[in-house]
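>>> Fold the following, please.
(2 chains)
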Amino acid sequence: MELTLWTYEGPPHVGAMRIAASMEGVHYVLHAPQGDTYADLLFTMIERRDRRPPVTYTTFQARDLGGDTAELVKRTIADAVQRFQPEALLVGESCTAELIQDQPGALAAGMDLGGIPMVSLDLPAYSKKENWGAAETFYQLVRGLLKSQVPPPGTPKPSPQRWLQEGRRPRVNLLGPTLLGFRCREDVREITTLLQEHGTDVSVVAPRLMSMSASTRRWPIRSAPGWSAASACRWCAPYRSASTPPKPF
Amino acid sequence: MGVSVADAAPALPELLKQSGQREVFCGLTSIVWLHRRMPDAFFLVVGSRTCAHLVQSAAGVMIFAEPRFGTAILGERDLAGLADANDELDRLVRDLLERRPEIRTLFLVGSCPSEVIKLDLSRAAERLTSQFNGRVRVLNYSGSGIETTFTQGEDNALQALLPLMPSSDESQLLIVGTLADAVEDRFVALFARMGLDVVRSLPPRRSSELPPVGKGTKVLLAQPFLSGTVRALVSRGAQHIQAPYPFGVEGSRAWMAAAAAAFGVDPALVAQVLDPLVERGRRALAPHRQVLEGKRLFLMPDSQMEIPLARFLSRECGMELVEVGTPYLDRMLMAEEMGMLPAGTQLSEGQDVERQLERVRAARPDLVVCGLGLANPLEAEGIATKWSIELVFSPIHGCDQAGDLAELFARPLRRRQLLTFS
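The predicted model follows:
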């Protein structure tokens, strides 16, 4: 137990919300009690977005705890999928839901979601914070969605000089900028300009404003130069631990 | 997320009851105004990082040199064994009180996680009170989202103070519910002019100077969300004065007149004191009524003040009510108000936010009163909004404030008018 008069970082599920809200086509079902919807205002008031974050809360109350909260989770997931028709679904829980152990990810895995990919998030609320939650969510999302495209072991790595043979400019991806990140929008613009002036194009910027359908089209691991799901999480390193060297975001 | 219906007052259509996602704060949010009212108290939430983040987000990002609220954040170690959590809490409270000798009352505020793990804060409060041996009183109440919504936190905080209120049958008027200090002073002065000399408030300005309660106490509610407190005061012998709430000229006059009548004050004297205020209040309202008249209003459930405000905005400002949402409906506390609503007013209790927003979009009201999570998205859809949280922070009670209260609602409409190019 620690006394906190001010917290710079929120809980890890707020980090997951930042990833979900940064992307197009992703919806997040959060098992959380009444009151946790406060986090919407971070996006509508601080980020001043014109829409609510793509998050549906189960908002359970004391009277639900006597009954079947797992049923509430399943109903909420089914309703959210039907209403928002997402291209990918994140399922997770906030600090209180973690204690009642309904395991919403496992419940979602047992449901017919119409074939959309579902990523279950396990974000320990009592030991981790917001930036860790963002990095973990992005990593799980990238891994969950691109797993099928991982080349078989022994496949030779694409040559870093491939752009010369293909007669085009080299491309890089910028990974990490999110909504509610400090000056992310300006930094992406500045870095993109700087790279272009030096002859390098920016291919994918993610997760900020990355569309889910675009992700599956534009992220084939085999053809993308020099990065993979594993390097995606290395690129997200600043979110994961303070000991890694600082990266642009 | 089913819909069921229940009977409402005869002149009103059936109450619309919904459950589903609720876009409301939890009771912890009440700390944001309670800590201002009682500067010698400290509110220690025993909860998670989410609780700490919620309170500071709702407080509008205020950093104080010496904040009067904080969070004891539970960690993995505390969840492993409860004895450990109690020792940790004792240590943390000792550190806090050593550094902050000016604290007279410490509220341990329960949260969703502390309740789910059944951390017994009432025993912790007793234990700590005896440890500090009279220097600090340690109390506890729940502000958890699984049990309370938004303003219910104040209801629970006041009930925690109740056992400490001395018993006395002295005749007194007790105003219950947080008021801005200046507004409270004004009411006390007005009641004095009507011959009511003993007027006290709960919560008091100093947490250690609690008013007494007993058979001579007549309770006048300044806020419409104190269901538990008023019932607990009645069980201590007090009498509840039924009245509309002091919003707008009409409500404020009726509120003060009801208190005067309960003490047998001559109605002629009441009229002599209040009529000039009513006159002045109506004049202050007039320019805002011009903006609001005929405009259609939708109130999302949030602060529990929706029904009295709807009454004020329809009767005194001429607004048309599309739907009046309330987190929960306490018919005893709302009896007078519901009787004053125009026939046909649609009340709704609870929330399924997506379906309520569908009704908002279908009705295209001119103004929606809602929480901070919904306001900007609705503005982006072309619907003017008023943040309901402003209503718990602004001095809006009394005839003198009626003009300012109407202005709060007229402002978004005026701004929209100025920004329209056609």
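>>> Up against chain A, what does the stretch 301-422 of chain B have?
Proximity of the stretch 301-422 of chain B to chain A (CB under 8 Å from any CB of the partner chain) is limited to residues B:354, B:371, B:372, B:373, B:374, B:375, B:376, B:377, B:379, B:380. Backbone N, C-alpha and C define where each C-beta goes, glycine included.
>>> Between the residues you listed, which sits nearest residue B:420?
Nearest to residue B:420 out of those is residue B:379 (CB to CB; 13.5 Å).
>>> dump the residue contacts of residue A:3.
Residues near residue A:3 by CB atoms under 8 Å, 6 or more residues apart in numbering or on different chains: B:70, B:71, B:72, B:73, B:92, B:95, B:96.
>>> okay if I get those residues as TSV plus distance to chain A, neighbour count and secondary structure?
Shown next, in TSV, are the contacts of residue A:3 (distance: CB to the nearest CB, whole Å; neighbours: other CB atoms under 10 Å in any protein chain shown; DSSP: H, G, I helix; E, B strand; the rest coil):
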residue	distance to chain A	neighbour count	secondary structure
B:70	5	20	strand
B:71	5	29	strand
B:72	5	28	strand
B:73	5	24	strand
B:92	5	18	helix
B:95	7	11	helix
B:96	6	18	helix
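>>> export the residues you listed to a markdown table and tack on distance to residue A:6 and pLDDT?
Shown next, in a markdown table, are the contacts of residue A:3 (distance: CB to CB, whole Å; pLDDT from 0 to 100):
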| residue | distance to residue A:6 | pLDDT |
| --- | --- | --- |
| B:70 | 9 | 94 |
| B:71 | 10 | 96 |
| B:72 | 14 | 97 |
| B:73 | 12 | 96 |
| B:92 | 16 | 96 |
| B:95 | 16 | 95 |
| B:96 | 14 | 95 |
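>>> Let me know the closest of the residues you listed to residue A:177.
Nearest member of the contacts of residue A:3 to residue A:177, counting by CB to CB, is residue B:73, at 28.5 Å.
>>> tally of neighbours for the residue in chain A positioned nearest to chain B?
Distances between chain A and chain B by CB to the nearest CB are smallest at residue A:35, namely 2.7 Å. The number of residues packed near residue A:35 is 32, by other CB atoms under 10 Å in any protein chain shown.
>>> who touches it in this structure?
Residue A:35 is in contact with B:24, B:25, B:26, B:27, B:28, B:29, B:54, B:112, B:144, B:145, B:149, counting by CB under 8 Å, 6+ apart.
>>> So which of those residues sit within helices?
Among the contacts of residue A:35, the members found in helices (DSSP state H) are B:54, B:112.
>>> Same question for the longest helix along chain B: list its buried residues.
Across chain B, the longest stretch assigned as helix under DSSP H is helix B:267-292. The neighbour-count check on helix B:267-292 (16 or more other CB atoms under 10 Å in any protein chain shown) flags B:270, B:273-274, B:277-278, B:281-282, B:284-285, B:288-289, B:291-292 as buried.
>>> Equivalent analysis for stretch B:400-412, please.
B:400, B:401, B:402, B:403, B:405, B:406, B:407, B:408, B:409, B:410, B:412.
>>> Can you measure across stretch B:187-202, start residue to end residue?
14 Å (CA to CA, to the nearest Å).
>>> can you give me the offset of it from its chain's centre?
22 Å (CA atoms, centre = their mean, to the nearest Å).
>>> for it, which positions count as buried?
Result for stretch B:187-202 [16+ other CB under 10 Å]: buried residues B:187, B:188, B:190, B:191, B:194, B:196, B:199, B:200, B:201, B:202.
>>> Tell me if residue A:156 really is in a helix.
No. Going by DSSP: H, G, I helix; E, B strand; the rest coil, the assignment for residue A:156 is coil, not a helix.
>>> Neighbours of it, how many?
With other CB under 10 Å as criterion, residue A:156 counts 6.
>>> just residue A:38 next, same as before
Look at residue A:38: counted by other CB under 10 Å, it has 26 neighbours.
>>> what secondary structure does it sit in?
At residue A:38 the chain is in helix, as set by three-state DSSP.
>>> so who does it touch?
Applying CB under 8 Å, 6+ apart, the residues contacting residue A:38 are B:25, B:26, B:29, B:53, B:54, B:57, B:58, B:373.
>>> State the pLDDT value of residue 129.
Looking at chain A here, since you left the chain open. For residue A:129, the model assigns a pLDDT of 94.
>>> wrong chain, I was asking about chain B
94.
>>> Relative to residue B:85, how far out is it?
Separation of residue B:129 from residue B:85 (CB to CB, to the nearest Å): 18 Å.
>>> Settle it for me: which of the two has more neighbours?
Neighbour count, other CB under 10 Å: between residue B:129 and residue B:85, residue B:85 has more, with 23 against 16.
>>> mind checking which helix or strand that one is in?
helix B:82-99 (DSSP states H and E).
>>> sorry, back to before: give the ChimeraX command for selecting the buried subset of the contacts of residue A:35.
In ChimeraX, this line selects whichever of these come out buried by 16+ other CB under 10 Å:
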select /B:24,25,26,27,28,29,54,112,144,145,149
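>>> Which members of the contacts of residue A:35 additionally contact chain A?
Among the contacts of residue A:35, the residues lying close to chain A (CB under 8 Å from any CB) are B:24, B:25, B:26, B:27, B:28, B:29, B:54, B:112, B:144, B:145, B:149.
>>> is it possible to export these to a markdown table including distance to residue A:190 and pLDDT?
Converted to a markdown table, the ones next to chain A among the contacts of residue A:35 look like this (distance: CB to CB, whole Å; pLDDT from 0 to 100):
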| residue | distance to residue A:190 | pLDDT |
| --- | --- | --- |
| B:24 | 40 | 93 |
| B:25 | 38 | 93 |
| B:26 | 40 | 95 |
| B:27 | 44 | 96 |
| B:28 | 40 | 96 |
| B:29 | 38 | 94 |
| B:54 | 34 | 94 |
| B:112 | 42 | 96 |
| B:144 | 45 | 97 |
| B:145 | 41 | 95 |
| B:149 | 44 | 94 |
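>>> can you count the residues close to residue 133?
The chain I'm using is chain A. Count around residue A:133 with other CB under 10 Å applied: 27.
>>> let's do chain B instead
Considering only other CB under 10 Å, residue B:133 is surrounded by 7 other residues.
>>> Over to it: give its phi and psi.
The phi/psi pair for residue B:133 (degrees, to the nearest 10) reads phi 50, psi 50.
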